[in-house]
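In: attaching a predicted model along with its sequence, questions to come.
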Amino acid sequence: MISLRVFHKHLRTLGLASAAGLGLALSGCAAGTATVSTPQVQVSISGSSSVRLGSTTQFTASFSNTNNPAVLWQVNGTTGGSSAAGTINTAGLYTPPATMPTGNTMTITAVSVVSPSASASTQLSLLNPIPSVSSATATLTSGTSYLLDVEGANFVTGAQIQAAGSNVATTLISSTDVQATVTVPTGTTSLTVIVTNPNPGSASSASTNAQILQTTVTAAARLLDQATFGPTLADIGTVQQTGLSGYIKQQFNTPTTLLPDIPTTLPALCSANNSPTPCEESEWWQTALTGPDQLRQRVAFALSEMFVISTDFDSARYVTPYHNMLANDAFTNFYTLMHDVTLSTGMGDYLNMINSAKAPAGQIANENYARELMQLFTIGLVMLNPDGTPQLDGSGNPISTYTEAQVQAFAKAYTGWTFAAANGGPPTKFPNTINYDDPMGAYEAQHDMTSKTLLNGTVLPAGQSAEQDLQAALTDIFNHPNVGPFVCKQLIQHLVTSTPSPAYVARISAVFANNGSGVRGDMQAVITAILLDTEARAGDTNASFDGGHLREPILWITEALRGLGFTNTSSTGSYYALSNQSSNLGQEPYRSGSVFNFFPPSYVIPQTTLNAPEFDLENTATAILRLTLANTLVFNKITGFNIDLTATSTLGQLAASSPASLVDSLGVIFMHGQMPTQMRTEIINSISSISDAGERTRVAVYLVLTSSQYKVMH
């Protein structure tokens, strides 16, 4: 008989015992029955007991009693896991879900492939991620209340903002944005901010200092659109930090940028045209585009369209001192402005007051300036209510402000003025030699010293000097009740909206009449009131607010250049090429076709009742020419200027990384961050298929600048 030991030896040799799990029982032996078995596969898991959302963790399975390490990984019993519980790949790398599930404990299981009944499990706790803060801004909403906006990463439901050491009610906007309303005491310059995610795994970000902003991007950009020659991203940031009123005060304190006098010997730019005009206009464009005193220059531009002189009739040599006078007087008193305009040689030559002598018996003095000062510059043709609406007589007809006899009386009051002496002193002859730079001087022998009856029953006694009559005449006009509503409405139209409500006009007229300290005609108070009025600021929070005005050609050009950024590349530093562009659209600086300006303040769009002065320049031809100019600009074809919209430019790099970011940036610069949603979508869709970043940028800029939403400043 074969022994049991020998039989087992043969089985091992054949590999049968282990391969088949065979157990043999042999009878007839005294030892009875025997069993042979294989050890079970054993599985164990190693890995972390917790993981934060937003990160990963590695698990490893170890085996005994098998040489096959193949394993199936499960999360909560599901092979590979799920989006709700987290996923695990074949190598054991676990990725938590995007958001915290209801239960934060997951079961991770490793199952042997060769022995599915063999498995091991471990518990894994999910923890909220550690938040991080990249930036924080606190923007004033009212009083000392600020909207605190914190941007970063890994914010979750229940995230808590801590501002200046105190927890504040927090709103989760997204995983990258949380907000809160906080109180910031006046004068606070720094606000420490921390964001803490809640349990499980509560954790806090590093602290950061919030930038304290006094206004929103939209409000800042809109103010700059109204008060400058165009917003820039840098200026928007400045206004956000200083606030609207802070920026206005800052501008009031900024010194005047003066246009330099045109040399007696004309530079090449002017001599080539045999005219000083190109030099004068070049200096004007440069100051408008680059001067730090943007509000002063913008108000001076508005005043130049109210107190009109033109190089179509005057020498451009008059314009330089005239413009400088308007800029210097923009923030003074309206009486000062009236006085200085009256004695300027530019106005004197344009409206014939210079060398206007007393008339011979039976004749009348030159009425031109006397009439236009009242009709166009100060009180208008009809009596006005404080809100700018006409006063009516008992028959419902407008009431005239002055008579022809009063015009003649004022004309007498303005006689006897000629060019000052070369040193600025009184003239010694009449007419005197031309002096472009100094105010006119009185030559008493040519002044009409008879009595004059002016407005409101004012009588100038006989025998007064030219200066006495002038001051009395201007004071008479200055105190007329029409001046406030007449002048203020036009300033509102130029700076804010073509169609101010009567209530808006009335509020500003009241400030003109009394600045709060009993002063009439305070220009700083008037300008501040115009720009900060509720009607001017309504669009800051309501993009659909119906207001604004068509961008006149000059403003369309300056705002495009300032917004996009430019470099003057002219070998002589000339900016005159811009006049060639604006001329095609019917407007050049100080070159109006008449004293009525490029467009009258009372212009109404035909077949409507809409008062919209700038639309007097808009017709089929100019509308097409604006498109042409936009094309010239985006393809960098304006002589003497470089506007970089290539792929390597700032906007080009933005276009390459994200078409949406490019469009949003243009929306901030040119539409105050209020680009209509449909327009934004259409532009993004239009440029997304363009592979070249430079071309993508140029197309986007063209579509923005030629849109009706940009042409009309809202």
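Out: All right, it came through fine. Residues are numbered from 1 along each chain as shown.

In: after the lowest-mean-pLDDT helix or strand in the chain comes which helix or strand?
Out: Lowest on mean pLDDT, DSSP states H and E among the helices and strands of the chain sits helix 16-20, with a mean of 39. Scanning forward in sequence from helix 16-20 by DSSP states H and E, the next helix or strand is strand 42-47.

In: torsion angles phi and psi at Ala359?
Out: Geometry field for Ala359 lists phi and psi as phi -80, psi 150, criterion degrees, to the nearest 10.

In: so it sits right up against Ala365, yeah?
Out: Yes: the pair Ala359 and Ala365 passes the contact test of C-beta atoms under 8 Å, sitting 4.6 Å apart. Yep, even glycine has a C-beta here, placed from its N, CA and C like the rest.

In: overlap in contacts, these two.
Out: Common neighbours of Ala359 and Ala365 are listed as Lys412, Thr415, Asp448 (criterion: C-beta atoms under 8 Å, 6 or more residues apart in numbering).

In: which helix or strand contains the last one?
Out: If I follow you right, that is Asp448. Secondary-structure element containing Asp448, defined by DSSP H and E: none, the residue being outside all helices and strands.

In: in contact with it, which residues?
Out: Applying C-beta under 8 Å, 6+ apart to Asp448 gives the contacts Lys358, Ala359, Ala365, Lys412, Ala413, Thr415, Gly416.

In: so for the last one, what's the pLDDT?
Out: Meaning Gly416. At Gly416, the pLDDT value in this model is 98.

In: quick revisit: who has more neighbours, Ala359 and Ala365?
Out: When neighbours are counted by other C-beta atoms under 10 Å, Ala359 and Ala365 differ, and Ala365 comes out ahead with 25 against 15.

In: enumerate every residue touching Ala413.
Out: With contacts taken as C-beta under 8 Å, 6+ apart, Ala413 has the following neighbours: Ala370, Asp448, Lys452, Leu454, Leu460, Asp469, Leu470, Ala472, Ala473.

In: and the residues you listed, which of them are in helices?
Out: When DSSP state H is applied, the contacts of Ala413 are split such that Ala370, Asp469, Leu470, Ala472, Ala473 fall in helices.

In: got those as a markdown table, with pLDDT columns?
Out: As requested, the ones in helices among the contacts of Ala413 are exported to a markdown table (pLDDT from 0 to 100):
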| residue | pLDDT |
| --- | --- |
| Ala370 | 98 |
| Asp469 | 98 |
| Leu470 | 98 |
| Ala472 | 98 |
| Ala473 | 98 |
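
In: any chance of these in JSON lines, with distance to Gly425 and neighbour count too?
Out: Output for the ones in helices among the contacts of Ala413, formatted as JSON lines (distance: C-beta to C-beta, whole Å; neighbours: other C-beta atoms under 10 Å):
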{"residue": "Ala370", "distance to Gly425": "26", "neighbour count": "26"}
{"residue": "Asp469", "distance to Gly425": "20", "neighbour count": "26"}
{"residue": "Leu470", "distance to Gly425": "18", "neighbour count": "23"}
{"residue": "Ala472", "distance to Gly425": "24", "neighbour count": "17"}
{"residue": "Ala473", "distance to Gly425": "23", "neighbour count": "25"}
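
In: using TSV, lay out those residues together with distance to Leu269.
Out: Converted to TSV, these look like this (distance: C-beta to C-beta, whole Å):
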residue	distance to Leu269
Ala370	38
Asp469	42
Leu470	38
Ala472	44
Ala473	41
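
In: and the residues you listed, which two are the farthest apart?
Out: In those, two members sit farther apart than any others by C-beta to C-beta. They are Ala370 and Ala472, at 13.7 Å.

In: identify each buried residue in stretch 628-648, please.
Out: Leu629, Ala630, Leu633, Val634, Ile638, Gly640, Phe641, Ile643, Asp644, Leu645, Thr646 (16 or more other C-beta atoms under 10 Å).

In: now the residues you listed in JSON lines, with distance to Ile108, secondary structure and pLDDT?
Out: Written out in JSON lines, the entries for these read as follows (distance: C-beta to C-beta, whole Å; DSSP: H, G, I helix; E, B strand; the rest coil; pLDDT from 0 to 100):
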{"residue": "Leu629", "distance to Ile108": "66", "secondary structure": "helix", "pLDDT": "97"}
{"residue": "Ala630", "distance to Ile108": "61", "secondary structure": "helix", "pLDDT": "97"}
{"residue": "Leu633", "distance to Ile108": "62", "secondary structure": "helix", "pLDDT": "96"}
{"residue": "Val634", "distance to Ile108": "58", "secondary structure": "helix", "pLDDT": "96"}
{"residue": "Ile638", "distance to Ile108": "66", "secondary structure": "coil", "pLDDT": "96"}
{"residue": "Gly640", "distance to Ile108": "70", "secondary structure": "coil", "pLDDT": "96"}
{"residue": "Phe641", "distance to Ile108": "65", "secondary structure": "strand", "pLDDT": "97"}
{"residue": "Ile643", "distance to Ile108": "59", "secondary structure": "coil", "pLDDT": "97"}
{"residue": "Asp644", "distance to Ile108": "55", "secondary structure": "coil", "pLDDT": "96"}
{"residue": "Leu645", "distance to Ile108": "54", "secondary structure": "coil", "pLDDT": "97"}
{"residue": "Thr646", "distance to Ile108": "53", "secondary structure": "coil", "pLDDT": "96"}
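
In: between the residues you listed, which is closest to Thr102?
Out: Thr102 has its nearest neighbour among these in Leu645, at 51.8 Å by C-beta to C-beta.
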